[in-house]
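>>> Based on what follows, work out the 3D shape:
(chains A and B)
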Amino acid sequence: DGGITQSPKYLFRKEGQNVTLSCEQNLNHDAMYWYRQDPGQGLRLIYYSQIVNDFQKGDIAEGYSVSREKKESFPLTVTSAQKNPTAFYLCASSLIAGRENEQFFGPGTRLTVL
Amino acid sequence: LAKTTQPISMDSYEGQEVNITCSHNNIATNDYITWYQQFPSQGPRFIIQGYKTKVTNEVASLFIPADRKSSTLSLPRVSLSDTAVYYCLVVSSSTDKLIFGTGTRLQVFP
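Numbers count the residues shown, from 1 in each chain, chains lettered A, B, ... in the order given. Here you go, the predicted structure:
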């Protein structure tokens, strides 16, 4: 089955700790994205990558970091510098970056900072 | 980037047709209109995309008037499983980003 997987589904961390969220896709898509969603709100773009070894900041990149060493993988690290990290995190991919390309989303990771 | 405005919520009953209208007054010439559906605690799912006039697929229709300042997503004969949040997005030709608003929360009753 082709698709996007995110792990873990639920994640708890203590304040001041860094945590890495996994995102893997086997759709052979070039572009990958990370979004954050807060309760009752829409999605906000954190980072996106159009191709391996390249990525750009989205609208709310502060306190986050990413890497794109492989086409299939786009991990997101939530650092201790992120002031309010508790949220629902969604990873997506598209065949290529661009307006006509449908984005496919993973099931999400719900991060709670204790 | 063109901003979208859509109703916060809508209610319907099973079997009815639901029309959700989205306003995008500042849409640019090369922008597309795209709709996504999101169930609670899941990622959004692409529904339909269009540029002008009418687009239809197996789940919905999208109506876009000539001035393209608004669009209407039409869901024929909704069922309980159509209860979800529906997002209208204007996808800009100048950027690869998707801008999600707060969406329309559709509640379907039996």
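
>>> my guess is A:Gly106 meets A:Lys9, correct?
No: in this structure, A:Gly106 is not within contact of A:Lys9 by CB atoms under 8 Å, at 10.2 Å. No exception for glycine: its C-beta is placed from N, CA and C like everyone else's.

>>> what's the closest non-adjacent residue to residue 13?
Using chain A. Distances taken as CB to CB, 6 or more residues apart in numbering or on different chains place A:Val19 nearest to A:Arg13, at 4.7 Å, with adjacent residues excluded.

>>> hm, I was asking about chain B
Per CB to CB, 6+ apart, closest to B:Tyr13 is B:Phe109, 5.2 Å.

>>> ditto for B:Tyr51
B:Tyr32 (5.6 Å).

>>> Now do the same for that neighbour: its pLDDT.
Each residue has a pLDDT score; the one for B:Tyr32 is 89.

>>> Can you pick out the residue with more neighbours from A:Gly106 and A:Lys9?
A:Gly106 (24 against 10; other CB atoms under 10 Å in any protein chain shown).

>>> partners of residue 91 in the sheet?
Picking chain A for this. Beta bridges link A:Cys91 to A:Trp34, judged by DSSP bridges.

>>> look at chain B instead
Bridge pairing for B:Val91 - DSSP bridges - gives B:Tyr32.

>>> State the distance from the residue of chain A found nearest chain B to A:Ile4.
For chain A, the residue closest to chain B is A:Phe105, as judged by CB to the nearest CB, at 2.7 Å. Separation of A:Phe105 from A:Ile4 (CB to CB, to the nearest Å) stands at 7 Å.

>>> which residues do those two both contact?
Taking CB atoms under 8 Å, 6 or more residues apart in numbering or on different chains as the criterion, A:Phe105 and A:Ile4 both touch A:91-92, B:43.

>>> Most neighbours of all those, which one?
For the shared contacts of A:Phe105 and A:Ile4, neighbours tallied by other CB under 10 Å; top is A:Cys91, 27 neighbours.

>>> give me every residue that touches the residue nearest the centre of chain A.
Nearest residue to the geometric centre of chain A (CA atoms, centre = their mean): A:Trp34, 2.8 Å. Shown in contact with A:Trp34 (CB under 8 Å, 6+ apart): A:23, A:45-48, A:58, A:64, A:66, A:74, A:76, A:89-92.

>>> In strands, which of the residues you listed fall?
A:23, A:45-48, A:64, A:66, A:76, A:89-92 (DSSP state E).

>>> Next, give me the two most distant ones among those.
Farthest apart among the ones in strands among the contacts of A:Trp34 by CB to CB are A:Tyr64 and A:Ala92. That separation is 15.3 Å.
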